[in-house]
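no FASTA, just this:
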Ligand SMILES: Nc1ncnc2c1ncn2[C@@H]1O[C@H](COP(=O)(O)OP(=O)(O)OP(=O)(O)O)[C@@H](O)[C@H]1O
Ligand SMILES: [Mg+2]
């Protein structure tokens, strides 16, 4: 079941919100290794990138090239790296409400309702109960889940669950949203619809978005810039700007040219060879949630 939805525009004019918003990210010469029995595995090698406030950056690259690892560093879930990561000029030393997270699968707790799942973001914060309730209701409405606050995750479709996960990330009023293949598990039609909604949300709120995706068309549809990573070690191969107005038309000549150029790039982007040991991918695990909630 897919609820008919639209992210509701806020009352404030976009320009004003964009001025009011912060949300810059600086990745400065960041390298990351994992220690394996056989020695260190260099996964990210000297990555540098500046993301402007309100910018939409997509990260694409072969499997295992370090996309999730980079996002985990930006989220503050992993602080063991070389180089510097700054959010609005401040070093990222842990997780925080100002950086919202959306995972590939929704990670809703099955024994909690939508409302309770969204309210989880307030764990260990001093936001008063009445304000929590009001903000949770507002975010549930914004993602089009009106009437489903009391539903449990098993009563939702995949798309609705992802919307609930987006509401959970937004309820903390982040100025940066980090998305790790958030639409990867959805059918093609739901995916296109949620892409449109993410675009509207981004345009209305001016939130900085950093989205990992395997879907090049999705990246071209949404992003201001597309960072192409290559594998082993993960390096920035190139950064593709997408200077097209929104809403973008997928059949438009410039759209197709950029998309096909990236596809050609992907042709010789190899997936990282599988690690011979400790294959644990940098997915978001239960411990991440524990860390996230102990703000
Ligand atoms: N905890 C860990 N211990 C050891 N190696 C790890 C760990 N987490 C990730 N790696 C390795 O780091 C590399 C990058 O993993 P990462 O999950 O960031 O890739 P990815 O680009 O997100 O891949 P995918 O597109 O498949 O999600 C892989 O080789 C992986 O095996
Ligand atoms: Mg990944």
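Received, thanks. Keep in mind the model is a prediction, meaning the values are calculated, not measured. Ligands and ions are numbered 1, 2, ... in the order given.

just checking, residue 220 touches residue 259?
Yes: assessed by CB atoms under 8 Å, residue 220 is found in contact with residue 259 at 4.9 Å. Every C-beta, even on glycine, is put in place using the N, C-alpha and C of the backbone.

Close to ligand 1: what parts of the stretch 1-150 of the chain are there?
Listed as neighbours of ligand 1 in the stretch 1-150 of the chain under the rule CB under 6 Å from any ligand atom: 34, 41, 43, 61, 63, 64, 65, 66, 67, 68, 69.

Now tabulate those in JSON lines and tack on neighbour count, pLDDT and distance to residue 179.
JSON lines is the format used below for these (neighbours: other CB atoms under 10 Å; pLDDT from 0 to 100; distance: CB to CB, whole Å):
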{"residue": "34", "neighbour count": "15", "pLDDT": "94", "distance to residue 179": "23"}
{"residue": "41", "neighbour count": "17", "pLDDT": "92", "distance to residue 179": "25"}
{"residue": "43", "neighbour count": "23", "pLDDT": "95", "distance to residue 179": "20"}
{"residue": "61", "neighbour count": "26", "pLDDT": "92", "distance to residue 179": "15"}
{"residue": "63", "neighbour count": "12", "pLDDT": "89", "distance to residue 179": "17"}
{"residue": "64", "neighbour count": "21", "pLDDT": "90", "distance to residue 179": "19"}
{"residue": "65", "neighbour count": "26", "pLDDT": "92", "distance to residue 179": "17"}
{"residue": "66", "neighbour count": "27", "pLDDT": "94", "distance to residue 179": "16"}
{"residue": "67", "neighbour count": "25", "pLDDT": "94", "distance to residue 179": "11"}
{"residue": "68", "neighbour count": "20", "pLDDT": "93", "distance to residue 179": "11"}
{"residue": "69", "neighbour count": "18", "pLDDT": "95", "distance to residue 179": "15"}
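
taking the residues you listed one by one, which sit in helices?
Using DSSP state H, the subset of those located in helices is 67, 68, 69.

give me every residue that touches the first one.
Applying CB atoms under 8 Å, 6 or more residues apart in numbering to residue 67 gives the contacts 59, 60, 61, 180, 212, 229, 234.

which of these are buried?
Those of the contacts of residue 67 that meet the buried threshold are 59, 60, 61, 180, 212, 229, 234, by 16 or more other CB atoms under 10 Å.

neighbour count winner among residue 220 and residue 259?
A direct count of neighbours by other CB atoms under 10 Å for residue 220 and residue 259 places residue 220 higher, at 26 against 19.

Residue 212 reaches residue 180, doesn't it?
Yes: counting by CB under 8 Å, residue 180 is a contact partner of residue 212 at 4.9 Å.

returning to that earlier point: take the contacts of residue 67 and lay them out in TSV including secondary structure.
TSV is the format used below for the contacts of residue 67 (DSSP: H, G, I helix; E, B strand; the rest coil):
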residue	secondary structure
59	strand
60	strand
61	strand
180	strand
212	strand
229	strand
234	strand
